[in-house]
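# predicted model follows, preceded by the sequence.
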Amino acid sequence: MFDTLSDRLTAALQTLTRKGKLSDADIDATAREIRIALLEADVALGVVKTFIARIKERAKGAEVSQALNPAQQVIKIVNEELVGILGGETRRLNLAKTPPTVIMLAGLQGAGKTTLAGKLALWLKKQGHAPMLVACDLQRPNAVTQLQVVGERAGVVTFAPEPGNGVGDPVDVARRAIAEAKHAQHDVVVVDTAGRLGVDEELMKQAADIRDAVEPDEVLFVVDAMIGQDAVTTAEAFRDGVGFSGVVLTKLDGDARGGAALSVREVTGQPILFASNGEKLEDFDTFHPDRMASRILGMGDVLTLIEQAEQAFDQQQAEKAAEKLSSGQLTLEDFLEQMLAVRKMGPIGNLLGMLPGAGQMKDQLAQVDDKHLDKLQAIIRGMTPAEREDPKMINGSRRLRIANGSGVTVREVNDLVNRFFEARKMMAQMAGRFGF
Ligand code: GDP
């Protein structure tokens, strides 16, 4: 669903990774790209404005991390703000202290409420609950049968008015259903309600009456992510007409732009609890703002790398090394320290796999596996502090001693010493490129 948005955001941020230092003009240009990407994806204007203002403020502000280069910092900020508009923390379903927990579904016709009732029932059942579905959509022809069918597929009981009694009273059905749930010891009740093609007062009144009759623990507003900007106006209408405690996004598998769905949380102030992404009952899960944000940014791996870099970072050590790097005075001791710092972040193969667009470099560095690094570490540890400080003093007899002491061949020691200067150069390049 968010493919185009994802591509555009990635492109906007990728231009930054080629820059060593970001000017305010760079940040403004990137912010402009992000703004266009969000608007084209249908994210509500007000949400885009707030989002962009915060990104600019934070990117230009004092929030400077020594562990990350400027591009990584901006990516981190965009990610955090995206998680923020999606709701921050994952919001779990509120379960009543004394069962049954009553969950009422509300939304327009076709939003996916009935399907969701089945999905929710199956999901609850898998978590060890004994849910019951309640058919309060007595308007749409076949809505009751449809609910019974999804209920059967999920393997749960559906409470419905007897057929043939004409149009029943949904409020009465809801009331009787709760009594039945208590009697039959169902601990969660999911109430499906009628929707209309558009928002109207009668619909809101009926939903509000059902709400008052069943006193739900959760009212979930179900919204089709494919309906564009209407999602926002519909959400506002339901917020004012019925009120809801959470949102469920449906049809996230569609290829529409979906940005409106991203605005619902920010506009209504209510969290997104679940996301539906297909017609099958299994196509459904808890909504995690952080996972959705990194999916939209298409940079899951880079974000992990950024996190790890921050954790493994030792500011003093890095400053010292950076100084030496720039003056060309890096010693084997520093080399060892740097290697250990990088290795704290995990197996080297994983790290290399996470580097964005480092194609050529990746091939070269792929040969540097962990065993090889172990050996380099052992050789350097076999040297005296003076040798580490000034590798030029390592003559033939010293090489033999180091080789014997660290269990390697003289050739391997030669290799290390000879390639040390090369490595120093490469590390200087990497430091510039990825901020290690
Ligand atoms: P209701 O009127 O709100 O009860 O909506 P329905 O549950 O009847 O759903 C309307 C249509 O959307 C049906 O054809 C469903 O199969 C379909 N639908 C529901 N959820 C999803 C979803 O997450 N993805 C897709 N692709 N289709 C869905």
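It's in.

# so which bits of the stretch 51-200 of the chain are right by the ligand?
Residues of the stretch 51-200 of the chain lying near the ligand by C-beta under 6 Å from any ligand atom: Gly107, Gln109, Gly110, Ala111, Gly112, Lys113, Thr114, Thr115, Gly195. Heads up, the C-betas are built off the backbone N, CA and C, glycines and all.

# any idea how far the nearest residue to the fifth one once chain neighbours are set aside lies from the ligand?
With C-beta to C-beta, 6 or more residues apart in numbering as the measure, Thr250 is the residue that lies nearest to Gly112, at 3.6 Å, once sequence neighbours are left out. Thr250 is 4 Å from the ligand, where distance means C-beta to the nearest ligand atom, to the nearest Å.

# in the stretch 301-436 of the chain, where is pLDDT below threshold?
Confidence mapping of the stretch 301-436 of the chain against pLDDT under 70 gives the ranges 301-328, 342-370, 421, 423, 425-436.

# one step back: and the residue nearest to Gly112, what does it touch?
Residues near Thr250 by C-beta atoms under 8 Å, 6 or more residues apart in numbering: Ala111, Gly112, Thr115, Leu116, Val222, Val223, Asp224, Ala225, Ala275, Ser276.

# the first one contacts Ala194, correct?
Okay, so that is Ala111. No - shown here, Ala111 and Ala194 do not form a contact pair, counting by C-beta atoms under 8 Å, at 11.5 Å.

# what's the first helix or strand after whichever strand or helix holds Glu387?
Using DSSP states H and E, Glu387 maps to helix 385-389. Going down the chain from helix 385-389, the next helix or strand is helix 396-406, by DSSP H and E.

# now do the buried residues in that following helix.
Neighbour-count burial for helix 396-406, counted by 16 or more other C-beta atoms under 10 Å, picks out Arg398, Arg399, Arg401, Ile402, Ala403, Ser406.

# Serialize these to JSON lines and add fields for distance to the ligand.
As requested, these are exported to JSON lines (distance: C-beta to the nearest ligand atom, whole Å):
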{"residue": "Arg398", "distance to the ligand": "69"}
{"residue": "Arg399", "distance to the ligand": "67"}
{"residue": "Arg401", "distance to the ligand": "69"}
{"residue": "Ile402", "distance to the ligand": "64"}
{"residue": "Ala403", "distance to the ligand": "64"}
{"residue": "Ser406", "distance to the ligand": "60"}
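
# out of the residues you listed, which comes closest to Ala237?
Taking C-beta to C-beta as the measure, Ala237 sits nearest to Ser406 out of the buried residues of helix 396-406, at 73.4 Å.

# skipping adjacent residues, who's closest to the closest one in space?
Using C-beta to C-beta, 6+ apart and skipping the chain neighbours, the partner closest in space to Ser406 is Gly382 (3.5 Å).

# just give me the neighbour total for the one you found.
By other C-beta atoms under 10 Å, the residues close to Gly382 number 17.

# against Arg424, how distant is it?
Gly382 sits 20 Å away from Arg424, going by C-beta to C-beta, to the nearest Å.

# and Val222, by the same measure?
Separation of Val222 from Arg424 (C-beta to C-beta): 60 Å.

# quick one, which of the two is more surrounded?
Counted by other C-beta under 10 Å, Val222 and Arg424 do not tie: Val222 has more neighbours, with 27 against 19.

# ok, now which ones touch that one?
Applying C-beta under 8 Å, 6+ apart, the residues near Val222 are Leu105, Ala106, Gly107, Ala111, Gly112, Lys113, Leu116, Val247, Val248, Thr250.

# just to be sure, it is in a helix?
No - the assignment for Val222 (DSSP: H, G, I helix; E, B strand; the rest coil) gives strand, which keeps it out of a helix.

# what about the residue nearest to it when sequence neighbours are not counted, how many residues nearby?
Spatial nearest neighbour of Val222, excluding adjacent residues (C-beta to C-beta, 6+ apart): Gly107 at 3.6 Å. Close neighbours of Gly107, defined as other C-beta under 10 Å, add up to 26.

# I'd say Val190 and Ala135 touch.
No - counting by C-beta under 8 Å, Val190 does not reach Ala135; the two are 10.3 Å apart.

# the two: which has the busier surroundings?
Between Val190 and Ala135, counted using other C-beta under 10 Å, Val190 has the larger neighbour count: 30 against 27.

# ok, what's across the strand from that one?
Ile103, Leu133 (DSSP bridges).

# for it, give its distance to the ligand.
12 Å.

# same question, Ala96
Applying C-beta to the nearest ligand atom, the value for Ala96 to the ligand is 24 Å.

# quick check: closest non-adjacent residue to that residue.
Spatially, and ignoring its direct neighbours in sequence, Ala96 is nearest to Asp217 (4.8 Å; C-beta to C-beta, 6+ apart).

# ok, the buried residues of helix 396-406 vs Pro170, which is closest?
Proximity of the buried residues of helix 396-406 to Pro170 (C-beta to C-beta) peaks at Ser406, which lies at 80.1 Å.

# got the contact list for that closest one?
Counting by C-beta under 8 Å, 6+ apart, Ser406 has contacts Ala378, Ile379, Arg381, Gly382, Val413.

# can you check Ser245 too?
Ser245 neighbours (C-beta under 8 Å, 6+ apart): Asn94, Glu218, Val219, Leu220, Gln270.

# and this structure, what are its domains?
As recorded under automatic domain parsing, the domains making up the chain are 3-89, 101-287, 314-434.

# just the ones you listed: most buried one?
Across the domains of the chain, averaging neighbours per residue (mean count of other C-beta atoms under 10 Å) puts domain 101-287 on top, at a mean of 20.

# list, one by one, the residues from the stretch 251-400 of the chain near the ligand.
Counting by C-beta under 6 Å from any ligand atom, the stretch 251-400 of the chain comes close to the ligand at Lys251, Asp253, Ser276, Asn277, Gly278, Glu279, Asp283.

# now the third one, nearest residue through space, not along the chain?
Counting by C-beta to C-beta, 6+ apart, Thr250 is the residue found nearest to Ser276 once chain neighbours are left out, at 4.1 Å.

# same check, this time on the second one
Once its chain neighbours are removed from consideration, Asp253 has its nearest residue in Asn277; the separation is 4.2 Å (C-beta to C-beta, 6+ apart).

# next, that neighbour: phi, psi?
phi -140, psi 50 (degrees, to the nearest 10).

# which of the contacts of Val222 fall within helices?
Lys113, Leu116 (DSSP state H).
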